[in-house]
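Asks: Model the following, please.
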Amino acid sequence: MRVVFMGTPDFAVGTLKAIIEAGHDVAAVVTQPDKPRGRSKSLVFSPVKEEAVAHGITVLQPERARDEAFVEELRTYNADVIVVVAFGQLLPASIINMPRYGCINVHASLLPKYRGASPIQWAVIDGCEYSGVTTMKMDEGLDTGDILMVEKVKLDAKETGGSLFDRLSDVGAHLLVKTLEGLEAGTITPVKQDDSESTYVKMLHKSFGKMDFNKSAAELERLIRGLNPWPSAFTYIDGKMLKIWDADVADNISEVQTEEVKPGQVVTVGKNTFTIACGQGYLVVNEVQLEGNGQRFVLKRQPVRSRCNVRRISRILNGSEKRYYGSFIWLLWIWILL
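Replies: Residues are numbered from 1 along each chain as shown. Down below sits the predicted model:
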């Protein structure tokens, strides 16, 4: 097939590679304009553009895909199909209906569930047992087109947004190639989505990662995993951000009297972890990163000196007659600075 590929982030790169490796003729790649980055504001290629340039493929970067001049330029490539993977702009009907086989989208959810942005992270945050990838024939709606093929993936117990992103990127690449083969052979029957079963997810922002310890420990643990590596779950210590990268859930802590504990209090400090009370259950923290320090502090894998510091805090706290051990902010400052 003669293909025009439209995509921008890392998630789309695997699909572009798979199309090339399958022997299809990629006539052009369409991606978002180069973005300034860093203090120098130097322009940076999107991951998809980097891949296209490496293969010598023509790259188009319209500010607006709806502009008539771009639509007419796209028409000159005479594509049999346009493949769209996380491109970042809505397409007009003039593009959707342009190629012989239409525009085929790779969406990282089991449609009609999780339409919209960030379906990967939300599947983890919501505690889904399964996620997956859907290929669909695009229409003018938001992820509302007819379903072509689906592949389901079971989430691991400690799945993160990052690990699921990588897995679904690989699944999507292979599923798209199978979809193109089926379209060309005429063996795929499109299936309309059941709108009554549809759900939509919000685009993630950095502010969404702020942790509310009135929520259950299970909810917060999923939030931590879902927002790893971006935008990350966090709290504050005297105005400084503390990112929490990994934690476990405990229903009960034997040495803690529940009636004396408030959400957000650190209730135990061990050799390799510390535990925070939540609205329901306890969050056992394993890995943190303080603002201004690029290094992640993995408690279970620290050098002896760091472990001794944690033990020192533990001895101080265990000598207290109190059944809980002060505020989250107070304890963490001691724990990090010692």
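
Asks: Okay, domains of this structure per the record?
Replies: If you go by automatic domain parsing, the domain ranges for the chain are 2-201, 206-337.

Asks: Adding mean neighbour count and mean pLDDT, write the ones you listed out as TSV.
Replies: Using the backbone N, CA and C atoms, a C-beta is placed for each residue, glycine as well. Compiled in TSV, the domains of the chain are given as follows (neighbours: other Cβ atoms under 10 Å; pLDDT from 0 to 100):
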stretch	mean neighbour count	mean pLDDT
domain 2-201	18	97
domain 206-337	16	76
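
Asks: Please enumerate the helices of the stretch 51-200 of the chain.
Replies: Secondary structure of the stretch 51-200 of the chain by DSSP state H, counting those that start in this stretch: the helices cover 68-75, 93-96, 119-125, 161-185.

Asks: Report all helices and strands that the longest one contacts.
Replies: Read it as helix 161-185. helix 10-21, strand 81-85, strand 103-107, helix 119-125, strand 130-137, strand 146-154 (3 or more Cβ pairs under 8 Å, 6 or more residues apart in numbering; DSSP states H and E).

Asks: Check which element follows that helix along the chain.
Replies: strand 200-201 (DSSP states H and E).

Asks: Give me the sheet partners of that following strand and which way each runs.
Replies: Using DSSP bridges, the strands paired with strand 200-201 are strand 115-116 (parallel).

Asks: ok, back up a step: Throw the helices of the stretch 51-200 of the chain into CSV and include distance to residue 231, thanks.
Replies: Shown next, in CSV, are the helices of the stretch 51-200 of the chain (distance: least, Cβ to Cβ, whole Å):
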stretch, distance to residue 231
helix 68-75, 31
helix 93-96, 31
helix 119-125, 9
helix 161-185, 10
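
Asks: Ok, which of those comes nearest residue 135?
Replies: Residue 135 sits nearest to helix 161-185 of all these, at 4.3 Å, using Cβ to Cβ.

Asks: Could you check the angle the closest one makes with strand 146-154?
Replies: 140 degrees (axes from the mean of the first three to the mean of the last three Cα atoms, to 10 degrees).

Asks: what angle sits between helix 161-185 and strand 130-137?
Replies: 40 degrees.

Asks: Just list whatever residues bridge to the residue nearest to residue 123 when sequence neighbours are not counted.
Replies: Leaving out its chain neighbours, the residue that sits closest to residue 123 by Cβ to Cβ, 6 or more residues apart in numbering is residue 131, at 4.1 Å. Per DSSP bridges, the residues bridged to residue 131 are residue 153.

Asks: residues touching residue 131, list them.
Replies: 108-110, 114, 119-120, 123, 152-153, 155, 164, 168 (Cβ atoms under 8 Å, 6 or more residues apart in numbering).

Asks: Would you mind measuring from it to residue 15?
Replies: Using Cβ to Cβ, to the nearest Å, residue 131 is found at 17 Å from residue 15.

Asks: same deal with residue 99?
Replies: Distance from residue 99 to residue 15, by Cβ to Cβ: 17 Å.

Asks: Give the next helix or strand downstream of the longest strand anywhere in the chain.
Replies: In terms of residue count, the longest strand belonging to the chain (DSSP state E) is strand 240-250. Downstream of strand 240-250, the first helix or strand assigned by DSSP H and E is strand 266-269.

Asks: Now do that next one: distance to the chain's middle.
Replies: 30 Å (Cα atoms, centre = their mean, to the nearest Å).

Asks: Surely residue 155 is in contact with residue 126?
Replies: No - with contact defined as Cβ atoms under 8 Å, residue 155 does not count as touching residue 126 (10.4 Å).

Asks: these two touch, right, residue 213 and residue 220?
Replies: Yes - with contact defined as Cβ under 8 Å, residue 213 and residue 220 form a contacting pair (7.2 Å).

Asks: Name the residues contacting each of these two.
Replies: 278, 283.

Asks: strands paired with the strand or helix carrying residue 3, and their directions?
Replies: Following DSSP H and E, one finds residue 3 within strand 2-7. With DSSP bridges as the test, strand 2-7 is paired with strand 25-30 (parallel), strand 81-85 (parallel).

Asks: No more questions from me, cheers.
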